[in-house]
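Undergrad: Kindly return the folded structure for what I paste below:
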Amino acid sequence: MSSKTPAFDVLSLVGIVLSMAAVIGGNLLEGGTTGSLVQLTAFIIVFGGTIGATLVQIPQKNFIHGMRRFRWVFFPPRFERALMLRKITNWSRIVRKDGLLALQKIAQKEPDKFVRRGLMLLVDGREPEEIARIMEIEIDNNANREINAAKVYEAMGGYSPTIGIIGAVIGLIHVMNHLSDPSALGPGIAVAFVATIYGVGLANFFFLPMSHKLKTISDELVQYQEMLMEGLVSIAEGENPSAIASKLEGYLA
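TA: Numbers count the residues shown, from 1 in each chain. Just a heads-up that it's a prediction; the model follows:
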């Protein structure tokens, strides 16, 4: 990953604003008011119920990690493969010229923990098969951790529509308790169905898209780390820099 501060993903913000604008704008075109879509009670029922159900399903460490990965939706990490290709090619030249131990100082200055660990395996003189095996285990663990973070939002997206229906039913029960006042029936029913809008809206505008985005970032992370592993294994096998560069160029697509 790049050591630079991740750039803001403006498309995520545009997507959320556009989705909400479409709903609010459609409501206004039908003669509704913005205030009719704002109901604190409905929001508390849907959001609180969704979080509660998710906490039951998701282990604590995965839930906490998922909350931390919320930032990636708007500030996704950058996996600069072209830069990594140049680094790997340069490392292979250094090894051919000065030996594996010459990479020790480079490893110590490397900010990425995964890259640093891979370089130290190379410096330690591990066999190519052993380097590949150790790094594959770490790649799988990293991928599982990020997929579990995405599953937090996937779970929220699964529960919120159902919780929205529960909120609507609660609202209708409240309406039924006031049948003696016909003037309150229409507004009461409208308020009840706002909970359904919140449930479906949160799932499809926020939670499910966030889950899919985090899964996409996880896939990019795996490919980036596999590229690094392939390069370090090739260096350990003594391949020349040009052959390594040619082999890794496929990861730049």
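
Undergrad: farthest residue from the center of the chain?
TA: Ser180 (50.3 Å; C-alpha atoms, centre = their mean).

Undergrad: now the stretch 1-150 of the chain, which segments are flagged as low pLDDT?
TA: Within the stretch 1-150 of the chain, the ranges that satisfy pLDDT under 70 run 1-5.

Undergrad: The residue farthest from the centre of the chain and Ile170, how far apart?
TA: 20 Å (C-beta to C-beta, to the nearest Å). No exception for glycine: its C-beta is placed from N, CA and C like everyone else's.

Undergrad: Please apply the same query to Thr41.
TA: For Thr41, the distance to Ile170 - C-beta to C-beta - is 9 Å.

Undergrad: what do you get for Pro161?
TA: Pro161 is 15 Å from Ile170, where distance means C-beta to C-beta.

Undergrad: about what we covered before: how about the residue farthest from the centre of the chain, phi and psi?
TA: phi -70, psi -10 (degrees, to the nearest 10).

Undergrad: just checking, what packs against the helix or strand where Val14 lies?
TA: For Val14, the element it lies in under DSSP states H and E is helix 10-29. Under the contact criterion of 3 or more C-beta pairs under 8 Å, 6 or more residues apart in numbering; DSSP states H and E, helix 10-29 touches helix 70-74, helix 185-201.

Undergrad: In this structure, mark out all the helices, start to finish.
TA: For the chain, the helices defined by DSSP state H occupy 10-29, 40-57, 60-68, 70-74, 81-98, 104-109, 113-123, 128-176, 185-201, 208-236, 241-248.

Undergrad: CA atoms only for the third one - export them in CSV, please.
TA: What it means is helix 60-68. In CSV, the C-alpha atoms belonging to helix 60-68 read as follows (Å, rounded to 0.1, in the frame of the first residue of the first chain):
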residue,chain,number,x,y,z
GLN,A,60,-17.0,-8.6,19.0
LYS,A,61,-13.5,-8.4,17.4
ASN,A,62,-15.0,-8.6,13.9
PHE,A,63,-17.6,-5.9,14.7
ILE,A,64,-14.9,-3.5,16.0
HIS,A,65,-12.7,-4.2,13.0
GLY,A,66,-15.7,-3.5,10.7
MET,A,67,-16.4,-0.2,12.4
ARG,A,68,-12.7,0.8,11.9
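
Undergrad: Give me the contact list for that helix.
TA: Applying C-beta atoms under 8 Å, 6 or more residues apart in numbering, the contact partners of helix 60-68 are 54-55, 58, 145, 148-153.

Undergrad: Widest-spaced pair of the residues you listed?
TA: Longest distance between any two of the contacts of helix 60-68 is 18.6 Å, between Leu55 and Arg145; criterion C-beta to C-beta.

Undergrad: picking that back up, and which of the contacts of helix 60-68 is nearest to Glu30?
TA: For these, the nearest to Glu30 is Tyr153 (30.6 Å; C-beta to C-beta).

Undergrad: quick one: the residue lying closest to that closest one once chain neighbours are set aside from Asn142, how far?
TA: In space, and not counting its chain neighbours, Tyr153 is closest to Ser211: 3.9 Å by C-beta to C-beta, 6 or more residues apart in numbering. Applying C-beta to C-beta, the value for Ser211 to Asn142 is 18 Å.
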